[in-house]
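In: Attaching a predicted model along with its sequence, questions to come.
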Amino acid sequence: MNFNRSFIAVVFALIVGLLLSLFVYRAFQQASNRKEQVPQQQIVVASMPLEVGTRLTTEDLQMIPWPGSTSVAGMMTRIEDAVGRAVISPLVPNEMILESKLAPKEGGAGLQATIPEGMRAVSVAVNDVVGVAGFVVPGSSVDVLVTGQIPGATLTGAQNATRTILENVRVLAAGQRMGQDHDGKPQTVPVVTLLVSPKDAATLTMASTEGRIQLSLRNTIDSKSPAPEPVLQSAVFGSAAPPPVLKSALPVHRAFQFPVVAAPSPFTVEIILGDKRETKTFPNQ
């Protein structure tokens, strides 16, 4: 009798243990299979590569899920908020559309949409040499040099000089392209469009009209302005040091404010013929 009770107790304990083990196993299995539910939201991204100046349409945009607990300043959650606005920064597929990468709704499309308020876009004619062999592309930075005749130097002999008139100028477009060549190959273009202030726009126009300009390509992260001194023609092709400079009293444009060279002093020769002496002065050229 006692044996039967002991046997029943053992069987009962085994059954209870088996049930508890099964319950714990299923609980762990459900916990491992259960995915944490993160709240989601839909944001607007580019559906294809988009170049600067492109006016957005519904075909250029798409919606993708984004964690609802994470937000980025300027991100958009509705496609209609971006349609009709121009891109001012190149976009790649699935890149988030931000307010900072779009022009204002009234800003239009094309080149004018990329010009910040208070700035101007000025185009200058270039060739292979002026355009640095085609390596001046949209987004690059250049210095502008001009070579011209020194104002007021006709009295002492015409002399040219080269000076840097603009530094660290951003290139908006090369030819009619506002985006860089993805292949990285140089391209010959007839004009380059630069982003300058209104004052520098006048300086650049005067330089390209009255002198010969040259673009000097620089590293885009180099923001230093060394302001190099003008280089005189005599300093390049002459063997002696250039003569002292005088300030010009003539009002000239800033692009051609080169130093005026003083005339060299004449030399004197004394001629003796018998008991006669004669002094003659000759120009020193």
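Out: Nice, thanks for sending it over.
In: What's the per-residue pLDDT of the most centrally placed residue in the chain here?
Out: Taking Cα atoms, centre = their mean, the centroid of the chain lies closest to residue 139, which sits 3.7 Å from it. On pLDDT, residue 139 comes in at 84.
In: for it, helix, strand, or coil?
Out: Assigned by DSSP: H, G, I helix; E, B strand; the rest coil, the conformation of residue 139 is coil.
In: My guess is it contacts residue 171. True?
Out: Yes: assessed by Cβ atoms under 8 Å, residue 139 is found in contact with residue 171 at 6.5 Å. Bear in mind the C-beta positions are built from the backbone N, C-alpha and C, glycine included.
In: for the record, mean pLDDT for the strand ranked longest in the chain?
Out: Longest strand in the chain, counting residues (DSSP state E): strand 160-174. Averaged over strand 160-174, pLDDT sits at 89.
In: can you check stretch 56-70 too?
Out: 91.
In: what does stretch 107-119 give?
Out: 81.
In: mind checking the SS state of residue 116?
Out: coil.
In: Report the contact partners of it.
Out: Residue 116 sits next to residue 195 when contact means Cβ atoms under 8 Å, 6 or more residues apart in numbering.
In: Burial check on residue 56, number of neighbours?
Out: When neighbours are counted by other Cβ atoms under 10 Å, residue 56 registers 21.
In: which residue sits closest to residue 215, ignoring its sequence neighbours?
Out: residue 142 (4.6 Å; Cβ to Cβ, 6 or more residues apart in numbering).
In: Kindly report the same for residue 122.
Out: In space, residue 122 is closest to residue 201, 4.9 Å off (Cβ to Cβ, 6+ apart).
In: right, and the one you found touches residue 120 too?
Out: Yes: with contacts counted by Cβ under 8 Å, residue 201 reaches residue 120, the gap being 4.5 Å.
In: about what we covered before: could I get the pLDDT score of the residue nearest to residue 122?
Out: Per-residue confidence at residue 201 stands at 94 (pLDDT).
In: what helix or strand does it sit in?
Out: helix 198-210 (DSSP states H and E).
In: Can you pull the poorly scored residue ranges out of the stretch 1-150 of the chain?
Out: Applying pLDDT under 70 to the stretch 1-150 of the chain picks out residues 1-7, 10, 31-37.
In: Repeat the analysis, applying 80 as the threshold.
Out: 1-38, 105-111, 127-134, 150 (pLDDT under 80).
In: which residues of it fall in helices?
Out: 2-33 (DSSP state H, counting those that start in this stretch).
In: for residue 42, which residues make a bridge with it?
Out: Judged by DSSP bridges, the bridge partners of residue 42 are residue 65.
In: same question, residue 143
Out: Beta-bridge partners, per DSSP bridges, of residue 143: residue 216.
In: on that earlier part again, and the residue nearest to residue 215, how many neighbours?
Out: By other Cβ under 10 Å, neighbour count at residue 142 equals 21.
In: Give me the helices and strands touching the helix holding residue 201, please.
Out: Packed against helix 198-210, as judged by 3 or more Cβ pairs under 8 Å, 6 or more residues apart in numbering; DSSP states H and E, are the following elements: strand 120-125, strand 141-149, strand 160-174.
In: if we go to 6 Å?
Out: If contacts are counted by 3 or more Cβ pairs under 6 Å, 6 or more residues apart in numbering; DSSP states H and E, helix 198-210 sits against strand 120-125, strand 160-174.
In: Can you say which of those is packed in most?
Out: Highest mean neighbour count of the helices and strands packed on helix 198-210: strand 160-174, a mean of 21 (counted as mean count of other Cβ atoms under 10 Å).
In: How far off centre is the next helix or strand after that strand?
Out: The helix or strand immediately downstream of strand 160-174 is strand 191-196, counting by DSSP H and E. Here strand 191-196 shows a centroid-to-chain-centroid distance of 11 Å under the convention Cα atoms, centre = their mean, to the nearest Å.
In: Now do strand 191-196 against strand 160-174, angle only.
Out: If you take axes from the mean of the first three to the mean of the last three Cα atoms, to 10 degrees, strand 191-196 sits at 100 degrees to strand 160-174.
In: List the neighbours of strand 191-196 that are in contact with it.
Out: With Cβ atoms under 6 Å, 6 or more residues apart in numbering as the test, strand 191-196 has contacts from 119-126, 136, 169-170, 172-174.
In: OK, contacts around the residue nearest to residue 215?
Out: By Cβ under 6 Å, 6+ apart, residue 142 lies in contact with 169, 215, 217.
In: Name the nearest residue to residue 62, sequence neighbours excluded.
Out: Leaving aside its sequence neighbours, residue 62 sits nearest to residue 47 (Cβ to Cβ, 6+ apart; 4.2 Å).
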